[in-house]
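> return a 3D structure for these sequence lines:
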Amino acid sequence: MKSIPKLFLFSFFFLTLTFSGTMAQQEERFVKQLKLSTGETVVVTEGAFEARSLGSYSVRLYEANSDSPTDFFICGLVASRDGGVEKVITRDITGDGVEEIIVIIRSAGTGGYLSADALQYNDRQIRIMRRVADLAKNADPVAALTEVSK
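Predicted structure coming up:
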């Protein structure tokens, strides 16, 4: 039996580690699917292959469909982020009876500062209607967004 050349073993080992590291990075990405009160589905994800500390996030909206909630794409948005997406919720921050999509982001620095974007959907478009940044790490970003909208 011939011995396997050391270069081949090293290459195989290196490729295995590289592939494993890439897969681990992708598993850490924020991905969230929410059903809106209208029956539509919203999907929020951090940008693939970007640093966790900054980059982008996407918001995609799909038609109401109980069989497969992400079959019929309506519209989407890509926005910048300074930190990692921590949470996505829906709240009516304007008092008009229509819920907004709230994306909460925590900075990667020592302060752990919060920021948040409030997104509206109408006329087959998603847009950022309010944005707050540099909030204390224990602040309530929904209250800050509500205050800004007054």
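> leaving out the residues flanking it, which one is nearest to Glu100?
Nearest non-adjacent residue to Glu100, counting by CB to CB, 6 or more residues apart in numbering: Ala118, 4.6 Å away. Using the backbone N, CA and C atoms, a C-beta is placed for each residue, glycine as well.
> Met129 now?
Gln120 is the one closest to Met129 (CB to CB, 6+ apart), at 4.6 Å.
> may I have the beta-bridge partners of the one you found?
Arg127 (DSSP bridges).
> which ones are touching it?
By CB atoms under 8 Å, 6 or more residues apart in numbering, the residues touching Gln120 are 98, 100-101, 126-127, 129.
> are any of those residues buried, and which?
Neighbour counting with 16 or more other CB atoms under 10 Å marks 100-101, 126, 129 as buried within those.
> which of those fall in strands?
Counting by DSSP state E, the part of the buried ones among the contacts of Gln120 found in strands is 100-101, 126, 129.
> test my guess that Val85 contacts Glu50.
No. Assessed by CB atoms under 8 Å, Val85 is found out of contact with Glu50, at 11.2 Å.
> look at the two and report which has more neighbours.
Each of Val85 and Glu50 has its neighbours counted (other CB atoms under 10 Å); Val85 has more, 23 against 14.
> since that was my last question, I'll sign off now.
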